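Participant: Give me a 3D structure for the following:
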Amino acid sequence: MSENQKYKLLFKDRIGIVFDITKLMLEHKLNIISMEVEQRDGFARISLEIEEGHSYKSSEILELFSSLPGIDSQSELKRLPQEKREKWFRTLFDGMSEGIVSVNSKGIINTANSVACHILNTPYESLVNTYVGEITPKNNLLMECMQKRIPVNRRKSAVTSTGRVDFYGSAKPILDSQGEFVGAVLLMKDLQEVKAMVDAVMTPIDFKFDDFIGESPAIQNLITFAKRIAELDTIVSITGESGTGKELFARAIHFESGRPGPFIPINCAALPEQLIESELFGYIDGAFTGAKKKGKPGLFEAAHNGTIFLDEIGDMPPGPQAKILRVLQEGCVRRIGGVEEIPVNARVITATNKNLTDMVASGDFREDLFYRINVLNIQIPPLRERNSDITLMAGIFLNRFNRKLEKKEQTISRSGQEKLLAYSWPGNVRELQNVIERASIFSNSNEISADSIHIKAGQQTTCGQQCKTIPVTIQNGSSLKELTGNYEAKILLDTLNTNSSIRKAACKLGISHTALLKKIQKHKLSNKNKFTSWEQAGAAG
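Facilitator: Numbers count the residues shown, from 1 in each chain. Below you'll find the predicted structure:
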């Protein structure tokens, strides 16, 4: 089977080269299919394709070209430059993870990569040069995009030879430099890949000791000690007030340990008592009503060869405490309803902001568990005891929020720094971070003054927790009920503004989450968003 012939001609650049070639081909009744001219370094490179069906041999056509004025060389080509570019783009598109289909202004498909062919279950030859409406006549994203001339995004499904493919389609119109509609393009992403991307983004980034902000001797000594014990399998107990960074410290220990398994954090205070055992230890099929078929492994099993972090262990009820002790002593778990002992190799780190010694004395925490977890203790000092770190942290947080908010770089004025140093920071690093974020958001100046740093009045003190009293103003004619109500409201505001959530504030007050919500409603307390403080409706500034 004969094919079109392709040639490359090189000329010293001059006017009339294309005319001379066309005239020569016309004289010998040779039909030019395509011609491409490239001018570079004083030369003109001509690539052309001649239609098959003539009686000339390739050598005879080359001889004809040699008669052209100013020709430097002539040779036969296997592939035209345009074909090479098309092959390159096709290889590039086929290497992409998204499916790509494009159409011209009339809806004729002019591009389709291999992923799109797989999703649409149609070979390339049957897609290109086909009207898009013939491919998927129902719920067609490209058709809708062409008709409305607007971007269209939707989740879709397609049935292929290997089963159903769920994908997310995004179609956009294509406009030329004058704003005229010239076509549309559809990108298709397999939803399994989308889920994998989301999981990767949502997975916490490894936290290292080098990421800790702090130059105070107390913090540096703790980091040195934690690095020494990181590779051990011994249980570590981290204590410290809320907001001091206990979980971050635990993550850094896990990273430094080099354990190949995952880091699994568990907030013991947030788990309902009836779910604690099933979450931690798992269950077998039929263990209780609603149990999944084939059962479910617990978090201790999931943390195999890794680290399990039991945060707020002081809030764990007595029943699960006994089972935790057994796991720590024997190194194996037994699922609910099961008899099999399943060995687990998980490093255990615990944390609490409560005084476990007092809880043991009062009978609220098992004495045997306390001694089992209290082997290596790390006590993170509160921020008020690390004054040298406050301004350092504030500056780093401010730079971070400036980048996040795309604002010009801000600094904290001397008066602002003095205000930060004069405060006791009952919410510790978490509260400092929130205060700096609010200041960055609401300040339009390059220098953040003391007035832009919003700290609750009555809490600005350097004497620590013991002098954090809430003043009550006795007004003439006020009844005892009114006075106690006002005092309760002030306590609630103080606690809500120094804890990161209502649930944690309720734990701090020793009441249930529901009880605190009722009191918030009773005293008409509210905060507009996470960047603003809790306030009482009708209260002054």
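Participant: Quick one: distance of stretch 392-405 to the chain centre.
Facilitator: Taking C-alpha atoms, centre = their mean, to the nearest Å, one finds the center of stretch 392-405 at 19 Å from the center of the full chain.
Participant: Show residues contacting that stretch.
Facilitator: With contacts defined as C-beta atoms under 8 Å, 6 or more residues apart in numbering, stretch 392-405 is touched by 213-215, 407-412, 417, 420, 429, 432-433, 436-437, 439-441, 448. Every residue, glycine included, has its C-beta placed from N, CA and C.
Participant: Apply 7 Å and report the result again.
Facilitator: The contact list for stretch 392-405 (C-beta atoms under 7 Å, 6 or more residues apart in numbering) reads 213, 215, 409-410, 412, 420, 429, 432-433, 436-437, 440-441.
Participant: Helices - which of those residues land there?
Facilitator: Among the contacts of stretch 392-405, the residues falling in helices (DSSP state H) are 420, 429, 432-433, 436-437, 440-441.
Participant: coming back round to it: buried subset of the contacts of stretch 392-405, written for PyMOL?
Facilitator: Those of the contacts of stretch 392-405 that count as buried under 16 or more other C-beta atoms under 10 Å are selected in PyMOL with:
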select buried, resi 410+412+420+429+432+433+436+437+440
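Participant: Could you identify the pair within the contacts of stretch 392-405 that is furthest apart?
Facilitator: The span of these, defined through C-beta to C-beta, is set by 215 and 441 at 27.3 Å.
Participant: roughly how far apart are residue 143 and residue 112?
Facilitator: Spatial separation of residue 143 from residue 112 under the definition C-beta to C-beta, to the nearest Å is 15 Å.
Participant: Also residue 524?
Facilitator: When C-beta to C-beta is applied, the distance between residue 524 and residue 112 equals 61 Å.
Participant: repeat for residue 355
Facilitator: The spacing between residue 355 and residue 112, counted by C-beta to C-beta, is 67 Å.
Participant: And residue 149, by the same measure?
Facilitator: Plainly put, residue 149 is 22 Å away from residue 112 if you go by C-beta to C-beta.
Participant: Compare neighbour counts for those two and give me the winner.
Facilitator: Comparing residue 149 with residue 112 by neighbour count (other C-beta atoms under 10 Å), the higher total belongs to residue 112, at 27 against 10.
Participant: so what's that one bridging to?
Facilitator: The partner list for residue 112 in beta bridges (DSSP bridges) reads residue 101.
Participant: when you give positions from now on, start the count at 28
Facilitator: Will do, 28 is the new start, and the previous item becomes residue 139.
Participant: can you tell me which residues contact it?
Facilitator: Contacts for residue 139 (C-beta under 7 Å, 6+ apart) come out as 128, 151, 154-155.
Participant: Inside strands: which ones of these?
Facilitator: Judged by DSSP state E, strands contain the following of the contacts of residue 139: residue 128.
Participant: Identify those among the contacts of residue 139 that sit within helices.
Facilitator: For the contacts of residue 139, the ones inside helices are 151, 154, with DSSP H as the criterion.
Participant: Out of the contacts of residue 139, which comes closest to residue 143?
Facilitator: Closest approach to residue 143 among those (C-beta to C-beta): residue 128, at 4.8 Å.
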